[in-house]
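Asks: my questions are about this predicted structure, shown below with the sequence.
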Amino acid sequence: MDRNEGVVLISLVGLATLGVLVGGTMLAAYATDNNIGVKSFAGLFNRTELARLRWLRGGGRWGAIEVSEDYEENVINIAKSDPDVLDLLDSDYNVTGVRPIITTIVDADGNVVMKATSAVVRLEKDTTSRAFVWVDLEEGKVTRIAILTVTIIEK
C-alpha cells in the first residue's frame, strides 16, 4: 500500500467513526427519558431505552401494534388541548402517527395485565422538522414535546 492509499484509508475510517458518533448521539437524544439531552455512550445500548425507540421502526417487541381509531382520536384530542401542540399545528406541522406506550404489570399471582396508559404522537413539517409529543392518557395531558429540525446546506 502506498502513502496515498494509506491516507485515503485513514480518512475513510475517520469518517465512519464520525458517522457512528453522530448517529449514536442522535439515538441518545431520542432515548433520553427525562429530557432531550445527550446521554453517555454507556447508556446507548440499554435495552429499555432501545425498546422505547422500536416504535420508530413501526412495531414493538412482538411486531406491529394496531391502534383503534377511538384510541388514536382520544390521544390526538388530548394533544390538541395543549397550547404548545396547537402552536406546532398552526405552524404547518401535521399529525403523522400515534404509537401507544404499553405497560405490562405482573401481579403477585403471576397474572399479566397490559395497558396503553400513554402514547407518542408524531408530527411532521415538510421534510425538515419532526416533533414527538408524549401524552399521558391517565392524567389527560401532554408531558413532553421534542422538536427535531434538520438543516441541510447544499453547495
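Replies: Here it is on my side, so go on.
Asks: tell me what the helix or strand containing residue 101 is packed against?
Replies: Using DSSP states H and E, residue 101 maps to strand 94-106. Contacting strand 94-106 under the criterion 3 or more Cβ pairs under 8 Å, 6 or more residues apart in numbering; DSSP states H and E are the following elements: helix 69-80, strand 112-125. Any C-beta I mention is one placed from the backbone N, CA and C, and that applies to glycine too.
Asks: all strands of the chain, in order?
Replies: 94-106, 112-125, 129-136, 141-149 (DSSP state E).
Asks: hang on, the earlier thing: can I get the helices and strands packed on strand 94-106 in TSV including mean neighbour count and mean pLDDT?
Replies: Below are the helices and strands packed on strand 94-106 laid out as TSV (neighbours: other Cβ atoms under 10 Å; pLDDT from 0 to 100):
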stretch	mean neighbour count	mean pLDDT
helix 69-80	16	94
strand 112-125	16	92
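Asks: in a markdown table: these, plus distance to residue 89.
Replies: Shown next, in a markdown table, are the helices and strands packed on strand 94-106 (distance: least, Cβ to Cβ, whole Å):
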| stretch | distance to residue 89 |
| --- | --- |
| helix 69-80 | 7 |
| strand 112-125 | 7 |
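Asks: so what pairs up with residue 114 in the strands?
Replies: Beta-bridge partners recorded for residue 114 (DSSP bridges): residue 104.
Asks: what about it, distance to residue 140?
Replies: 21 Å (Cβ to Cβ, to the nearest Å).
Asks: check residue 148 too.
Replies: Taken as Cβ to Cβ, the span from residue 148 to residue 140 is 26 Å.
Asks: picking up where we left off before, can you show me the CA trace of the strand holding residue 101 as CSV?
Replies: C-alpha atoms of strand 94-106 as CSV (Å, rounded to 0.1, in the frame of the first residue of the first chain):
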residue,chain,number,x,y,z
ASN,A,94,-49.3,17.6,10.6
VAL,A,95,-50.1,14.5,12.7
THR,A,96,-48.5,11.5,11.0
GLY,A,97,-48.7,8.8,13.6
VAL,A,98,-49.8,7.7,17.1
ARG,A,99,-47.9,5.0,18.9
PRO,A,100,-49.0,3.6,22.2
ILE,A,101,-46.6,3.1,25.1
ILE,A,102,-47.7,-0.2,26.6
THR,A,103,-47.1,-1.0,30.3
THR,A,104,-47.0,-4.6,31.4
ILE,A,105,-47.7,-5.5,35.0
VAL,A,106,-47.3,-8.9,36.6
